[in-house]
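**Q** Provide a 3D model corresponding to the input given below.
(4 chains)
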Number of protein chains: 2
Amino acid sequence: MARAPRAADAAYARIRALIAGGELAPGAPLREEELAALCGVSRTPVREALMRLEQDYLVRRTDGQRSYVADWSLDDIAEMFALRAMLEGHAAARAATRITPEGLEALRRLNARLASAVAAGDTEGFLAANRAFHDTVLGAAQSPRLAAMIGGLVEQPVVRRTAVRYGARELGQSHAEHEALIEAFARGDAGWAESVMAGHIRRAFHAFADASRAAPARSPDGSAPARAPRS
Amino acid sequence: MARAPRAADAAYARIRALIAGGELAPGAPLREEELAALCGVSRTPVREALMRLEQDYLVRRTDGQRSYVADWSLDDIAEMFALRAMLEGHAAARAATRITPEGLEALRRLNARLASAVAAGDTEGFLAANRAFHDTVLGAAQSPRLAAMIGGLVEQPVVRRTAVRYGARELGQSHAEHEALIEAFARGDAGWAESVMAGHIRRAFHAFADASRAAPARSPDGSAPARAPRS
DNA sequence: GCCGATCCTAATGTATACAAAACGCCGGCG
DNA sequence: CGCCGGCGTTTTGTATACATTAGGATCGGC
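**A** Predicted coordinates:
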């Protein structure tokens, strides 16, 4: 239950969804007034939303403070995955020595759910379970700053595209890696947990990169993505 | 030349300085109107400043959106240093294979300046050179996201307090570690660079922790620090 | 024909007024 | 005596109007 239905939160969610859904193509300019009209709020909450989206690297601002939808090059994405591998690996290491029996049980349950989703070919179910799994690990790491950093980094659109392009075998591999992680946690082996997690993320990157090479740029309307001016 | 003397930037800098300087004690409530009056601007830029300070972990917001000066426990600081060690270590590894001869030369120059400052007992000079050195390494890593993360983490007040309490020998040790880093860069040895940097940061943490134990809490006016309500 | 300066337009930055919500207080009740 | 609920004050959230500045187009000069 969202306690506060703030306009700023609504605007944030809406704009984020527009970007994730591709309605706002990478490089497209974001005018505050236009977005305000789109969200049915004034510019003030839109400004807050844009600042938050900038934190998430979904929006880029030029020196003149104009906003554009961020366009991620494959290099950018590689960098992002590398950072995630390091950070989530670290989180897993911390979690290995801090996780409670309840947390461990939750992970087992979530991974079972993930397995069912894979078996049923349910991509949304997979994404939900996968996200919950990673969030649980992050919570067990008990490091708010680490969680915030990873949260800002996890480009939901990218994760989604990766999963959508995963084959059944690759999805199954995720399940197996999660199982290994659970085993490492059960034994309190921080080094193992870190290695498994880092490898898990890096494999996801290569799956994404392979898929990208097969089907590079895509825009809902088929038009060429707009380019933003100077960095 | 600051290109844009924006009120929001001014407010950010001013409030940040007030927190760093201790005029605003940890846990103290931050009312937007009061800060606006203090900075001679309206609430709008203050709001932006507070959001940025929250990113820097200098300000905490309750669920009710009220703002307080963040109070860092020693555990929090330990966590921060651990993250810094990991991130800056990673940055050093990247820099080792990317740094240009000019960058290397700049590091040598900066570390020489740092040595002079140490010899002269010039703490401010040390801080400036030290910061420039680390920024240069960060730049050479060519990872904007990594730079942003570390930037948000480097608690200037903490770094300052650490340096102020450093003895001459410890300051000299920083110089020596920087030299080792330069050597690792010159040889393009990413693993070495990472190890040196991580150790460098972790040593700084222990220096800080030792100093903190010797002289724990201090408030300019000597009053007990205010406590903020629920987390 | 190309480059540059200047003006114009359009977007953002700031200030203020109003609305809504949260916190704390006070009184009443168990 | 302690706890719970309602009410007033205070603080933040939102909307809007105005100021300022960046970007782009146009016109003139070379």
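
**Q** which parts of chain A sit against chain B?
**A** A:3-4, A:44, A:47-48, A:51, A:55, A:57, A:63, A:65, A:79-80, A:83, A:86-87, A:90, A:143, A:145-146, A:149, A:153 (C-beta under 8 Å from any C-beta of the partner chain). To be clear about C-beta, it is placed using only N, CA and C from the backbone, and glycine gets the same treatment.

**Q** Now do the lengthiest helix in chain A: distance to the chain's middle.
**A** Identified as the longest helix of chain A according to DSSP state H is helix A:190-214. In terms of C-alpha atoms, centre = their mean, to the nearest Å, the centre of helix A:190-214 is set 14 Å apart from its chain centre.

**Q** Regarding residue A:69, what are the backbone dihedral angles?
**A** phi -70, psi 130 (degrees, to the nearest 10).

**Q** so what's it bridging to?
**A** Bridge pairing for residue A:69 (DSSP bridges) gives the partners residue A:59.

**Q** show me what contacts it?
**A** A:19, A:24, A:25, A:26, A:27, A:28, A:30, A:58, A:59, A:60, A:228 (C-beta atoms under 8 Å, 6 or more residues apart in numbering or on different chains).

**Q** Got the confidence number for it?
**A** Per-residue pLDDT puts residue A:69 at 96.

**Q** Residue A:44 versus that one, what's the distance?
**A** Shown here: residue A:69 relative to residue A:44, a distance of 21 Å by C-beta to C-beta, to the nearest Å.

**Q** can you check residue A:64 too?
**A** Distance from residue A:64 to residue A:44, by C-beta to C-beta: 20 Å.

**Q** more neighbours, these two?
**A** Between residue A:64 and residue A:44, counted using other C-beta atoms under 10 Å in any protein chain shown, the more crowded position is residue A:44 (15 against 9).

**Q** and the helix or strand of chain A with the lowest mean pLDDT, how far from the chain's centre?
**A** Lowest by mean pLDDT, DSSP states H and E among the helices and strands of chain A is helix A:156-165, with a mean of 76. Its chain's average C-alpha position is 8 Å from that of helix A:156-165, according to C-alpha atoms, centre = their mean.

**Q** what's the angle from it to helix A:190-214?
**A** 80 degrees (axes from the mean of the first three to the mean of the last three C-alpha atoms, to 10 degrees).

**Q** Other residues contacting helix A:156-165?
**A** Contacts of helix A:156-165 (C-beta under 8 Å, 6+ apart): A:19-20, A:72, A:77, A:80, A:123, A:126-127, A:130-131, A:171, A:204, A:207-208, A:211, A:214-215.

**Q** after it comes which helix or strand?
**A** Toward the C-terminus, helix A:156-165 is succeeded by helix A:168-187 as the next helix or strand (DSSP states H and E).

**Q** could you dump that following helix to PDB, C-alpha only?
**A** Taking C-alpha atoms only, helix A:168-187 is exported to PDB below (Å, rounded to 0.1, in the frame of the first residue of the first chain):
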ATOM      1  CA  ALA A 168      14.600 -21.900 -21.700                       C
ATOM      2  CA  ARG A 169      18.000 -23.300 -21.100                       C
ATOM      3  CA  GLU A 170      19.500 -20.000 -20.100                       C
ATOM      4  CA  LEU A 171      16.600 -19.400 -17.700                       C
ATOM      5  CA  GLY A 172      17.200 -22.800 -16.200                       C
ATOM      6  CA  GLN A 173      20.900 -21.900 -15.800                       C
ATOM      7  CA  SER A 174      19.800 -18.900 -13.700                       C
ATOM      8  CA  HIS A 175      17.900 -21.200 -11.500                       C
ATOM      9  CA  ALA A 176      20.900 -23.500 -11.100                       C
ATOM     10  CA  GLU A 177      23.200 -20.600 -10.200                       C
ATOM     11  CA  HIS A 178      20.700 -19.400  -7.600                       C
ATOM     12  CA  GLU A 179      20.700 -22.900  -6.100                       C
ATOM     13  CA  ALA A 180      24.500 -22.700  -5.900                       C
ATOM     14  CA  LEU A 181      24.200 -19.400  -4.200                       C
ATOM     15  CA  ILE A 182      21.800 -20.800  -1.600                       C
ATOM     16  CA  GLU A 183      24.200 -23.600  -1.000                       C
ATOM     17  CA  ALA A 184      27.000 -21.100  -0.400                       C
ATOM     18  CA  PHE A 185      24.800 -19.200   2.000                       C
ATOM     19  CA  ALA A 186      23.900 -22.300   3.800                       C
ATOM     20  CA  ARG A 187      27.500 -23.100   4.400                       C
END
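
**Q** quick one: contacts of it?
**A** By C-beta under 8 Å, 6+ apart, helix A:168-187 touches A:92, A:95-96, A:99, A:104, A:107-108, A:111, A:114-115, A:118, A:121, A:126, A:130, A:133, A:137, A:140, A:163, A:166, A:192-193, A:196-197, A:199-200, A:203-204, A:207.

**Q** Can you tell me the SS state at whichever residue of chain A sits closest to DNA strand D?
**A** Chain A approaches DNA strand D most closely through residue A:64 (2.7 Å), counting by C-beta to the nearest atom of the strand. Following DSSP: H, G, I helix; E, B strand; the rest coil, the label given to residue A:64 is coil.

**Q** Return the members of the residues of chain A next to chain B classed as buried.
**A** A:47-48, A:51, A:55, A:57, A:79-80, A:83, A:86-87, A:90, A:143, A:145-146, A:149, A:153 (16 or more other C-beta atoms under 10 Å in any protein chain shown).

**Q** Which pair of those residues spans the longest distance?
**A** Farthest pair in those (C-beta to C-beta) is A:47 and A:90. Separation: 33.6 Å.
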